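*Asks:* what's the 3D shape of this:
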Amino acid sequence: MKIELHLHLDGSIRPKTISELLNIELEEAIKASTLQTKAENLKTYLDKFAIPLKVMQTKENLKRVAKELAEDLKKDDVIYAEIRFAPHKHLAGSLTLDEVVNSVLAGLREVPLKTNLILCMMRDDTFNNNLEIIKLAKKYLHKGVVALDIAGDESAYPILKYKELLAIATKENIPFTIHAGEADDAISVKNAIMLGAQRIGHGVRAIDNKEVLNLIKEKNITLEVCPKSNLDTNIYEKITNHPIKKLYDMHINVTINTDNRTVSNTTLEKTYQELAKAFNFTDEDFIKMNKIAIQSAFISKKEKQELLDLLIK
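*Replies:* Model (predicted):
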């Protein structure tokens with residue numbers, strides 16, 4: 001049984017669904033939505049989201065995509081997932097932000113699997129648009145939405161630019177995770193923590209800075225590590241170069257995630273197998289990381305206990 005904390009909806013749409021809804025050949029849909037070779041960097045990796053986003057502009061399509069992802073998660077033996085997406089990316093048609101969120105929630109609820117949403121503010125978006133996402137998260141908090149995120153090209157848009165927005169989120173008691181330490185250095189992780197992030201999306205570059213590693217431990221911060229996408233965005237050449245084992249051995253709160261199941265052509269099961277082969281992780285190690293994921297989830301103590309009971313039964 002597995003927990004998934006870092007998972008993008010638009011990066012995890014089935015190519016078959018893209019093919020059907022855009023009326024293109026399956027091979028073309030796969031090529032457009034799945035990385036064929038390593039990306040040059042995060043920016044070129046993010047280019048793979050263009051085609052999936054074309055699909056996700058109606059209530060029906062959003063509902064279908066969400067439902068299918070929940071089905072895929074269930075098949076991957078996931079018992080809880082926090083799925084993130086940027087509502088502003090789905091307004092090319094005539095939808096409102098409320099309709100976008102409600103359509104995704106409706107799709108997820110069709111599958112008997114515990115899921116929640118994290119709403120993404122985007123680094124390249126305007127202050128007012130991102131403020132709207134904070135208000136949206138507040139409106140749906142504990143009604144299917146559990147947190148906020150800031151996503152996008154982190155090296156081009158340093159996290160300190162969003163200090164005011166994150167102060168507003170903190171004042172509204174909305175928890176948040178931040179993408180950091182992926183395309184940017186260890187100091188981006190430090191800055192994200194100082195701005196109030198309870199979890200860090202990726203965070204692997206923290207390995208380069210002892211002070212940042214100590215801060216992560218001191219503040220009990222959890223890293224949402226996505227090994228396959230870190231290889232795909234060319235941070236590390238091969239899996240054995242990835243710092244996940246070093247971080248785990250340092251007793252950093254490490255969790256394992258897919259990031260984008262379609263773009264990176266992966267599942268949690270596949271990721272676990274690759275990590276076991278590369279680092280000799282055992283079933284006990286994976287259980288421990290899933291326990292960390294449960295304790296770090298943006299849910300109540302009661303819900304965490306229910307998941308822990310499921311995990312270890």
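*Asks:* can you mark which positions in the helix or strand hosting residue 21 are buried?
*Replies:* Here residue 21 sits within helix 15-22, counting by DSSP states H and E. Neighbour counts using 16 or more other CB atoms under 10 Å place 15, 17, 18, 19, 21 of helix 15-22 among the buried residues. For every residue, glycine as well, the C-beta is placed using N, CA and C.
*Asks:* check which helix or strand covers the closest residue to the third one other than its chain neighbours.
*Replies:* The shortest distance from residue 18 to any non-neighbouring residue, by CB to CB, 6 or more residues apart in numbering, is to residue 29 (4.1 Å). In this structure, residue 29 sits in helix 26-33 according to DSSP H and E.
*Asks:* can you show me the strands along the stretch 51-200 of the chain?
*Replies:* Across the stretch 51-200 of the chain, reading from the start of the chain, the strands by DSSP state E, counting those that start in this stretch fall at 78-85, 114-122, 145-151, 176-180, 199-202.
*Asks:* packing partners for the shortest one?
*Replies:* Put plainly, it is strand 199-202. strand 2-8, strand 176-180, helix 186-194, strand 222-225 (3 or more CB pairs under 8 Å, 6 or more residues apart in numbering; DSSP states H and E).
*Asks:* contact partners of the helix or strand that comes right after that strand?
*Replies:* Under the assignment DSSP H and E, the closest C-terminal helix or strand after strand 199-202 is helix 210-218. Contacts made with helix 210-218 from outside it, assessed by CB atoms under 8 Å, 6 or more residues apart in numbering, are listed as 186-187, 189-190, 193, 200, 203, 206-207, 221, 223, 250-253.
*Asks:* closest one of the residues you listed to residue 42?
*Replies:* The shortest distance between residue 42 and any of those, using CB to CB, involves residue 203 and amounts to 14.1 Å.
*Asks:* what's near enough to touch residue 97?
*Replies:* For residue 97, the set of contacting residues under the criterion of CB under 8 Å, 6+ apart consists of 87, 88, 91, 132, 133, 136.
*Asks:* mind redoing it with 10 Å?
*Replies:* Residue 97 makes contact with 87, 88, 90, 91, 119, 129, 132, 133, 135, 136, 139, 140 under the criterion CB atoms under 10 Å, 6 or more residues apart in numbering.
*Asks:* what angle do the helix holding residue 29 and helix 15-22 make?
*Replies:* Using axes from the mean of the first three to the mean of the last three CA atoms, to 10 degrees, the interaxial angle of helix 26-33 with respect to helix 15-22 works out to 100 degrees.
*Asks:* now for helix 26-33, which elements pack on it?
*Replies:* Taking 3 or more CB pairs under 10 Å, 6 or more residues apart in numbering; DSSP states H and E as contact, the helices and strands that helix 26-33 lies on are helix 15-22, helix 50-55.
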